[in-house]
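Asks: next one to model:
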Amino acid sequence: MIRILKKSDLAQCGKIYTKAFPIEHWGIDWTEERATEYLQDYFEQSKFVGYVYEENNEVLGCVFALCKISGSKEEIIINEMAVLPERQGQGIGTQLLNAVKDYSKNKGLAGVVLYTSEYAPAAAFYEKNEFMRSNGTICMYCELIGV
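Replies: Numbering: from 1, shown residues only. Below is the predicted model of the structure:
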């Protein structure tokens, strides 16, 4: 079942996050504590929107998003979504996405935006769930390590 994410869910979400984003695929060595702290930063934002998928009082997936103003419109940006690897492919991620899309529709927001790696299988999952690739958008960063 999908429900609104609570503060008491953060540790379980951190655990799911470390399993869903292993170092060999994403290049970041998450600990459960660091992942929980990372997700808590989103949870504490004033316009946070979050849901979990739960079965038998166990959280199996989560989505962390924020309502943001973008020019003359307001939209939701999905910052993080994770489902336990052994439960992926069973519709949990789709249900989490649908909860965010329903929230957006009910609030009259312009839509839902997310970013993912072009090297991960997630892009195909999002396309299957009605997301389109954005043309003309470039992700840029400045690495400061060793400067």
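Asks: hey, where'd the strands end up in this structure?
Replies: In the chain, the strands defined using DSSP state E lie at 2-4, 48-55, 58-70, 73-83, 112-114.
Asks: which elements pack onto the last one?
Replies: Other helices and strands packing on strand 112-114, by 3 or more CB pairs under 8 Å, 6 or more residues apart in numbering; DSSP states H and E, are strand 73-83, helix 92-106. Yep, even glycine has a C-beta here, placed from its N, CA and C like the rest.
Asks: where in the chain is pLDDT low?
Replies: 23-27, 126, 138, 140, 142, 146-147 (pLDDT under 70).
Asks: please repeat the previous calculation with a cut-off of 80.
Replies: 22-28, 116-127, 129-147 (pLDDT under 80).
Asks: one step back: buried deepest among the helices and strands packed on strand 112-114, which one?
Replies: strand 73-83 (a mean of 20; mean count of other CB atoms under 10 Å).
Asks: quick check: angle from that strand to strand 48-55?
Replies: 30 degrees (axes from the mean of the first three to the mean of the last three CA atoms, to 10 degrees).
Asks: what lines up beside strand 73-83 in the sheet?
Replies: strand 58-70 (antiparallel), strand 112-114 (parallel) (DSSP bridges).
Asks: may I see these organised as a markdown table, with mean neighbour count added?
Replies: Converted to a markdown table, these look like this (neighbours: other CB atoms under 10 Å):
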| stretch | mean neighbour count |
| --- | --- |
| strand 58-70 | 19 |
| strand 112-114 | 18 |
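Asks: need those in a markdown table with distance to Y42, can you?
Replies: Below are these laid out as a markdown table (distance: least, CB to CB, whole Å):
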| stretch | distance to Y42 |
| --- | --- |
| strand 58-70 | 4 |
| strand 112-114 | 13 |
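Asks: quick one: closest of the ones you listed to K47.
Replies: Among the strands paired with strand 73-83, the nearest to K47 by CB to CB is strand 58-70 (4.0 Å).
Asks: would you turn the strands of the chain into a markdown table with distance to D29?
Replies: As requested, the strands of the chain are exported to a markdown table (distance: least, CB to CB, whole Å):
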| stretch | distance to D29 |
| --- | --- |
| strand 2-4 | 30 |
| strand 48-55 | 24 |
| strand 58-70 | 20 |
| strand 73-83 | 16 |
| strand 112-114 | 23 |
